[in-house]
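K.L.:
Give me the fold of what follows.
(one chain, ligands or ions: 3)
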Amino acid sequence: MIIKVLGSAAGGGFPQANCNCRNCADVRAGRPGLLSRTQSSLAVSCNGEEWLLLNASPDIRQQINATPELAPHPGSGLRASPIAAVALTNGDVDHVAGLLSLREGLTFTLYASNRVLNALAANSIFNVLGSRHVTRVALPLDRRIEVGGGLAIESYAVPGKIALYLEDASDQFGTREGDSIGLEVSDRTTGAAFHYIPGCAAVDERLALRLRGARLVLFDGTLYTDEEMVVHGLSDKTGRRMGHISMSGPQGSMAAFAALGVERRIFVHINNSNPVLRDDSPERAAVERTGWEIAHDGMEIRL
Ligand code: MLT
Ligand code: MN
Ligand code: ZN
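P.N.:
Numbering: from 1, shown residues only. Ligands and ions are numbered 1, 2, ... in the order given. This next block holds a predicted model:
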């Protein structure tokens with residue numbers, strides 16, 4: 001199984017268009033030790049011919065153009081694409097807006113939870129993905145289904161939050177089960193499997209049990225500390241308010257994974273405020289000391 005990180009940044013990307021924080025200013029200026037990053041997405045394939053995208057970011061066109069494997073195969077017809085399917089982990093803008101760039105008659109299957117499929121159905125702009133070309137399939141929670149190309153997906157609810165644009169005034173902003181899911185993607189032939197969880201508010205017992213002993217987990221690396229965006233004057237929202245666990249601290253992801261025995265742990269969906277984006281930061285060193293890796297665009301993993 002080949003896994004390619006198409007985009008390793010959180011919503012807004014790195015640098016973010018309107019952001020003049022130290023990280024964004026430095027990467028924009030080309031300062032060594034910082035890499036620019038596009039928004040959150042992976043591509044997965046067993047055969048290198050047919051690809052499954054995990055999330056469709058607003059940067060999808062740039063990501064496809066940077067990934068020769070995702071270009072139409074020579075001789076495959078006038079209109080063709082190796083992208084056979086897209087699976088979504090939530091309805092956030094950084095994970096669904098790229099679907100609109102897959103209109104133009106691209107034929108694929110779209111997998112998402114019922115909650116997210118309902119959100120797309122309620123928004124008529126997604127009608128550009130008509131049923132003639134795009135088949136929408138609900139991912140059942142806690143059950144593995146075949147998704148073509150020799151791959152299978154099992155989805156499961158994770159602690160999280162409803163998409164920002166759907167929040168209401170009720171408790172938990174109207175969040176329900178299925179608004180935020182993790183995906184276990186497996187190769188049906190070899191049995192190799194990994195977990196992809198780019199948005200997660202906490203590692204509860206159920207999630208810990210599921211991830212214990214996994215070979216590979218790509219996990220929510222939005223923030224290093226919960227108050228990071230508030231402290232830097234970038235936002236009035238904590239990570240907790242946004243539905244994102246932090247990397248550090250006793251309640252953080254590094255602590256939560258410490259006893260889980262996960263072979264390879266990689267942070268994705270990294271916000272531009274996160275100090276780990278700087279190669280020479282103490283936070284980057286701290287993360288790497290615990291055995292975590294920081295994803296970068298174009299990173300390739302074979303399982
Ligand atoms: C998030 O990860 O919290 C969302 O992408 C935020 C957003 O939709 O702007
Ligand atoms: Mn996001
Ligand atoms: Zn910034």
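
K.L.:
Give me the phi and psi for the most centrally placed residue in the chain.
P.N.:
With distances taken as Cα atoms, centre = their mean, Pro198 lies nearest the centre of the chain, 4.0 Å away. When read as degrees, to the nearest 10, the backbone of Pro198 gives phi -80, psi -10.

K.L.:
Next: Ser124.
P.N.:
Main-chain torsions, Ser124, degrees, to the nearest 10: phi -70, psi -20.

K.L.:
contacting residues for it?
P.N.:
Ser124 makes no contacts at all, as judged by Cβ atoms under 8 Å, 6 or more residues apart in numbering. No exception for glycine: its C-beta is placed from N, CA and C like everyone else's.

K.L.:
That one and ligand 3, how far apart?
P.N.:
Per Cβ to the ion, to the nearest Å, Ser124 is found 33 Å from ligand 3.

K.L.:
circling back to that earlier point, look up how far ligand 2 lies from the residue nearest to the centre of the chain.
P.N.:
For Pro198, the distance to ligand 2 - Cβ to the ion - is 7 Å.

K.L.:
Quick check: which element contains the residue of the chain most remote from its centre?
P.N.:
Distance from the centre of the chain peaks at Gly75, with 31.9 Å (Cα atoms, centre = their mean). Assigned by DSSP states H and E, Gly75 belongs to no helix or strand.

K.L.:
right, and Asp204 touches Gly160 too?
P.N.:
No - using Cβ atoms under 8 Å, Asp204 makes no contact with Gly160, being 11.0 Å away.

K.L.:
neighbour-wise, which of these two wins?
P.N.:
Between Asp204 and Gly160, counted using other Cβ atoms under 10 Å, Gly160 has the larger neighbour count: 26 against 12.

K.L.:
helix/strand/coil for Leu99?
P.N.:
Following DSSP: H, G, I helix; E, B strand; the rest coil, the label given to Leu99 is helix.

K.L.:
dump the residue contacts of it.
P.N.:
56, 86, 110, 120, 126, 129 are the contacts of Leu99 under Cβ under 8 Å, 6+ apart.

K.L.:
Repeat that for Leu260.
P.N.:
Contacts for Leu260 were tallied using Cβ under 8 Å, 6+ apart; they are 208, 211-214.

K.L.:
so which of these comes closest to ligand 1?
P.N.:
Taking Cβ to the nearest ligand atom as the measure, Leu211 is the one of the contacts of Leu260 closest to ligand 1, at 20.0 Å.

K.L.:
Tell me where the stretch 51-200 of the chain has helices.
P.N.:
Assigned by DSSP state H, counting those that start in this stretch, the stretch 51-200 of the chain shows helices spanning 60-65, 93-96, 114-121.

K.L.:
Whether the second one contacts ligand 2 - can you check?
P.N.:
Yes - remark: helix 93-96 sits within contact range of ligand 2 at Asp94, by Cβ under 5 Å from the ion.

K.L.:
From the chain's centroid, how far away is that helix?
P.N.:
Centroid displacement of helix 93-96 relative to its chain, using Cα atoms, centre = their mean, to the nearest Å, is 9 Å.

K.L.:
Please apply the same query to stretch 179-187.
P.N.:
The answer for stretch 179-187 is 10 Å, by Cα atoms, centre = their mean.

K.L.:
wait, does that stretch make contact with ligand 1?
P.N.:
No - shown here: stretch 179-187 not in contact with ligand 1 (Cβ under 6 Å from any ligand atom), separated by at least 9.6 Å.

K.L.:
ok, back up a step: nearest to Ala66, out of the contacts of Leu260: which one, please.
P.N.:
Looking at the contacts of Leu260 and their distance to Ala66, the nearest is Ala214, at 28.2 Å (Cβ to Cβ).

K.L.:
Show the pLDDT at Gly105.
P.N.:
Model confidence at Gly105, given as pLDDT, is 89.

K.L.:
number of nearby residues for it?
P.N.:
By other Cβ under 10 Å, 11 other residues sit near Gly105.

K.L.:
Enumerate every residue touching it.
P.N.:
79, 133.

K.L.:
Against Arg176, how distant is it?
P.N.:
Using Cβ to Cβ, to the nearest Å, one obtains 34 Å as the distance from Gly105 to Arg176.

K.L.:
got it, and Gly182?
P.N.:
Distance, Gly182 to Arg176, using Cβ to Cβ: 16 Å.

K.L.:
Who has more neighbours out of those two?
P.N.:
Gly182 (24 against 12).

K.L.:
any idea how far the more buried one lies from ligand 1?
P.N.:
Distance, Gly182 to ligand 1, using Cβ to the nearest ligand atom, to the nearest Å: 14 Å.
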